[in-house]
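*Asks:* sequence unavailable; structure follows:
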């Protein structure tokens, strides 16, 4: 028996596009004499469809896709994820299901039992969990269908769940397992998935075929890495990350086992590739080509410019250098050098004249008041306005260049440098931004060395440095990581050796700046706890604030 | 037996403040010889605490509050909601619980079984549902404790759930029911709660005491309306809406029943009072006093100015009139008249000079291109920048004045008129804004008549009217309501009589503008489906887009 795994890049709500892509793959698989082809979780409608699932019409379109896929499933069986209606009055209206389609018909449907409802996942908002677990028969083989998280309660050791879906199927003696998934990337999660898949195959002693999504849906990036696991737990194949791929496997060969074959997994490569994927898909899926950003001469915008040029092509990226009277000469020179290295269009637009017009206009109202953060923010917002004017006039999408450290402590101007349609490095700490810059320069110096080595500064007042108002990033970042990602208490952090005053100050900065993060662009997610839909905090709260 | 219901305004994460408020109420209740005092759901930590619940330290602080309340519960029993840890390895880490505290001890804990996970609710993200239901005994009475949603599956007729918590308790023969709730306001939900409470009391034939929260937590507004229901379903008392209140009830009298006593429930009064409550609490809980907004001469900013002056006091509201060369004379005059009627500080800041500096600066880059939405947006963003400059310089919080119709179709400038810390009328359709304006003028003309009667216009180009690019609001609003709130399909809408082209166009406008709503301020929620945390949509989606 020959099994095809199709690791595809779906698009939420684009039923026609997703269907066409799957029909293509089915046609190819038929020419290869595959017996079964597997697609991803909720592949008809894309993942995560969020509240579109509450629209009856949306579910109807998914049902139509299933019917068309069943029609195409002649001479080949198709395994695909799609929402199904819960026929019972009780419980949520839908199930998250895997369909087994053959000869124009739905041969079998298995619903998902373990519904992730944490971080970026909201599945219990929509879906009723499965209570029945049935193995299906096809061409003399008994097949266990499973959906993503259903693999993640091995031996009932995951405290979140009480059911082990595959355990429930084992007395029906399946020959192998097909799992359809939509498992998003995070750089610190990379080995868990492999270990869980190995452990599942070992526990049940049968082959496991795992098909993941690839591609980005706004902030969520699916990395692919679909896998085939031998009964002894050896990973016989792990598909490439961040690219579409269809591969074929002979079931007998998988039973026999063989050598382990894994993708390389270097952290900075993964983060880089994930961000490229996120950028590409954001533009492609919105039907857009061109990006714009402000190039300050600092490292954040430099890194975003290089990523954008790689993802979208240098002809599709335009940068604007917008010095004020507080900008240093080297900033403009460094920024220009970078733009030239990249071969991208750049324009120099000094903002002094506009800035002066604000100051003059406000003078009667601000009379005799000192220069303070107000005037700093005016500069940042003039830049935001200019960039948005280019965006509006020429159709470029503004990329936001804020890093995770700044996002965390609120070091950024709302409606100023926090503008943008997509935050590219908002889930990358400042210290990681430096690593990423080095990575981008690995073959040759694209980002001028001076951009990497000079002390970070917003240049919104004379001789300003980030370290005037923030702790050094090599101290700040680990503290933020422990609080934001690991949920450590002030007491824990002090016991870890962080200075007590610093802990109180930084945690307060994080918590009182929720209002800024509420209004910023979606952030490409590369860690297990990004700002955005996976982290839901009250604005008007008083905890540690 | 005397029972006190304390309908209080809690503050998320403000353990000290919430505790002090409850201790005060306990002291008063003791002087009134109350036997039991009831507070709200998760009253120790405030509702909804969201991901703060994932911080061990946060739960620890809630536990400390419970201990202090137990210490205070001497000579009186205290019923209060708080998170508890799930002692079992399996399932979510926490329960959403009601504590019964007496004589320094926890006499009983009942967990919540029905965990709302829809719209603005995410309870299954954090909580494990109850599986045990036990009645407690106190002073010779058997008491059924229940938590909010636990009342909402009467006769198992709510399709979301399969358990009826109070049914499970009835063989233990409780004498009465105490329910602790945190049930947010929406203007179209007003009778459901009363009907559910009546039906519960009738079904079980015993008294029901229901304690709700009052006050706002950012976008969510709790209206209070705590109730006492006689065994025959008569509402013997419904507490006032939108104000803190402690009242005492004699159990024997409740058994005897009496006349129904309900609060008046006129839609515009409710919406008005809810918005005032939302504004007040946003400022008070953030420790802020002053608001600023741009007064355009249009109806939206007029209504927000009147609401702000009422909520915060006229001395705490400042408005800026920022005409451009496209503003009509009557706009400035109307706006000034309104400011004078309100007695609030106003300043006139023409933006022409700043606008010209942008146009000149951009001239070399925009050379020979026509005036279009770019130049319109520049004006809106200059106003945003000026308002934020006042906000930064003087500490006023900028109020957003966008209405729900505009929010829906994306008729607004990101980082321009979409700026602001709080969206006051973002859940009020334009046609309702007119109703609200009439309501605000019910005693005398505060909003000049001309503001209400002139055709709506953004005044960003010569002779512009909203109706140039949008359908008339009396057609648009019902269409938006059916799509946004009722999830109707294009086909359904056409069958309802809406023009097919209009349906396609408007639904597309709603869906392609998700990116704008993602970056706008939290919206005070007065309907059952507001933009914000209760409506979660993909940005890069293609459904009806």
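*Replies:* In hand now; what should we look at? What you see is a predicted model; the values in this text were computed from it and never measured.
*Asks:* where along the stretch 351-500 of chain A do the helices fall?
*Replies:* Listed in chain order, the helices of the stretch 351-500 of chain A (DSSP state H, counting those that start in this stretch) span A:352-366, A:373-394, A:404-409, A:430-440, A:449-453, A:466-469, A:473-480, A:490-495, A:500-512.
*Asks:* please identify the most buried of those helices.
*Replies:* Of the helices of the stretch 351-500 of chain A, the one with the most neighbours on average (mean count of other Cβ atoms under 10 Å in any protein chain shown) is helix A:404-409, at a mean of 25. For glycine as for every other residue, the C-beta is placed from the backbone atoms N, C-alpha and C.
*Asks:* for that one, packing partners?
*Replies:* Here helix A:404-409 touches helix A:430-440, helix A:473-480, helix A:500-512, going by 3 or more Cβ pairs under 8 Å, 6 or more residues apart in numbering or on different chains; DSSP states H and E.
*Asks:* could I get the ones you listed as a markdown table with distance to chain B and mean pLDDT?
*Replies:* Formatted as a markdown table, the helices and strands packed on helix A:404-409 follow (distance: least, Cβ to the nearest Cβ, whole Å; pLDDT from 0 to 100):
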| stretch | distance to chain B | mean pLDDT |
| --- | --- | --- |
| helix A:430-440 | 23 | 98 |
| helix A:473-480 | 15 | 97 |
| helix A:500-512 | 8 | 97 |
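*Asks:* turn those into CSV, columns for distance to residue B:179.
*Replies:* Converted to CSV, these look like this (distance: least, Cβ to Cβ, whole Å):
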stretch, distance to residue B:179
helix A:430-440, 49
helix A:473-480, 41
helix A:500-512, 32
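*Asks:* quick one: contacts for the closest residue to residue A:373 other than its chain neighbours?
*Replies:* In space, and not counting its chain neighbours, residue A:373 is closest to residue B:392: 5.8 Å by Cβ to Cβ, 6 or more residues apart in numbering or on different chains. Contact partners of residue B:392, counting by Cβ atoms under 8 Å, 6 or more residues apart in numbering or on different chains, are A:372, A:373, A:374, A:377.
*Asks:* ok but residue A:143 is inside a strand, no?
*Replies:* Yes: under DSSP: H, G, I helix; E, B strand; the rest coil, residue A:143 sits within a strand.
*Asks:* surely it touches residue A:137?
*Replies:* Yes: in this structure, residue A:143 is within contact of residue A:137 by Cβ atoms under 8 Å, at 7.4 Å.
*Asks:* between those two, who's got more neighbours?
*Replies:* Taking neighbours as other Cβ atoms under 10 Å in any protein chain shown, residue A:143 and residue A:137 compare with residue A:143 leading, 25 against 13.
*Asks:* spatially nearest residue to that one, not counting backbone neighbours?
*Replies:* residue A:136 (5.3 Å).
*Asks:* now do the one you found: how many residues are near it, please.
*Replies:* 19.
*Asks:* residue A:79 belongs to a strand, doesn't it?
*Replies:* Yes: checked against three-state DSSP, residue A:79 lies within a strand.
*Asks:* what sits against it?
*Replies:* A:36, A:37, A:38, A:39, A:98, A:99, A:100, A:101, A:145, A:178, A:180, A:211.
*Asks:* which one among these gets closest to chain B?
*Replies:* residue A:39 (17.9 Å; Cβ to the nearest Cβ).
*Asks:* how long is stretch A:217-235 from one end to the other?
*Replies:* 28 Å (Cα to Cα, to the nearest Å).
*Asks:* before we move on, back to that, list the contacts of the residue nearest to residue A:143.
*Replies:* A:100, A:107, A:108, A:110, A:142, A:143, A:145.
*Asks:* shouldn't residue A:323 be in contact with residue A:332?
*Replies:* Yes: counting by Cβ under 8 Å, residue A:323 touches residue A:332, with 5.2 Å between them.
*Asks:* higher neighbour count, the two?
*Replies:* The neighbour count for residue A:323 versus residue A:332, taken as other Cβ under 10 Å, is higher for residue A:323 (21 against 18).
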